[in-house]
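Asks: Next input, structure requested:
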Amino acid sequence: ARAFAAADRLVGPVRRPSRDLSRERAVLVAATQQAPRDAPLQFLAGSVFEALGDEVAAARAYRGAHAEGYFPAAYALAHHYLDEGDPEHAAELFAEVRASAPYADLGAMGHARALAALHRWDEVEPAVREVLDHDPRFAPALYLLGASRLARGREAEAEAQAVRLNARPGWAASLRLLLRHDAL
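Replies: Got it, this is the predicted structure:
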């Protein structure tokens, strides 16, 4: 309860003066150390540390929650690894999320992003197709599909994806930029 109250004071809707933040952060850190197997607590702490910009503490807490089998931690930790430039670990965790029916679409998109970061273009399209089966107009997935096709030398198909993205001009422009500058 003290950890939850500290988390609420750290990132909740009512902000406290900065002198209180160090005390509240210490309460949250102590709680995670006292209950390392409390997966929901570890996940909560990871979310708070992430919101505070402490990526090291966030990853440590997410790893603790994931080790205890707390499923949402796999997704959060995968994003952490992707953001930190470790797409290999991200791909492993997104594949885990993708294998779980309730979160398959969410995991498939993350997995596609990690595979693209690893330049494993042949594997990107099947992951993106899962997302598009759920939502055929999801612009980030359409963009990745176009980028994947371009990277594999299928320029006409990539251009077709850019046309399909015309309803989302920013995404279409980004894909056309790749087409014009042979970035892939």
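Asks: From P40, how far out is A6?
Replies: Taking CB to CB, to the nearest Å as the measure, A6 falls 15 Å from P40. Backbone N, C-alpha and C define where each C-beta goes, glycine included.
Asks: From the neighbour counts alone, determine which of those two ranks first.
Replies: A6 (25 against 14; other CB atoms under 10 Å).
Asks: which sections of the chain are below the confidence cut-off?
Replies: Along the chain, the model assigns pLDDT under 70 to residues 14-20, 182-184.
Asks: what ranges do the helices span in it?
Replies: Secondary structure of the chain (DSSP state H): helices at 2-11, 18-34, 39-51, 55-67, 71-83, 87-98, 104-117, 121-134, 139-151, 155-164, 169-181.
Asks: So what touches the fourth one?
Replies: Spelled out, that is helix 55-67. 29, 32, 36, 39-40, 42-43, 45-47, 49-50, 72-74, 76-77, 80, 83-84, 93 (CB atoms under 8 Å, 6 or more residues apart in numbering).
Asks: Using CSV, write down the CA coordinates of that helix.
Replies: The C-alpha coordinates for helix 55-67 follow below in CSV (Å, rounded to 0.1, in the frame of the first residue of the first chain):
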residue,chain,number,x,y,z
GLU,A,55,15.4,3.4,-17.8
VAL,A,56,17.9,1.3,-15.8
ALA,A,57,15.6,1.0,-12.8
ALA,A,58,12.6,0.5,-15.0
ALA,A,59,14.3,-2.4,-16.9
ARG,A,60,15.4,-4.0,-13.6
ALA,A,61,11.9,-3.9,-12.3
TYR,A,62,10.4,-5.2,-15.6
ARG,A,63,12.9,-8.0,-15.6
GLY,A,64,11.8,-8.9,-12.1
ALA,A,65,8.2,-9.0,-13.0
HIS,A,66,8.9,-10.9,-16.2
ALA,A,67,10.9,-13.5,-14.3
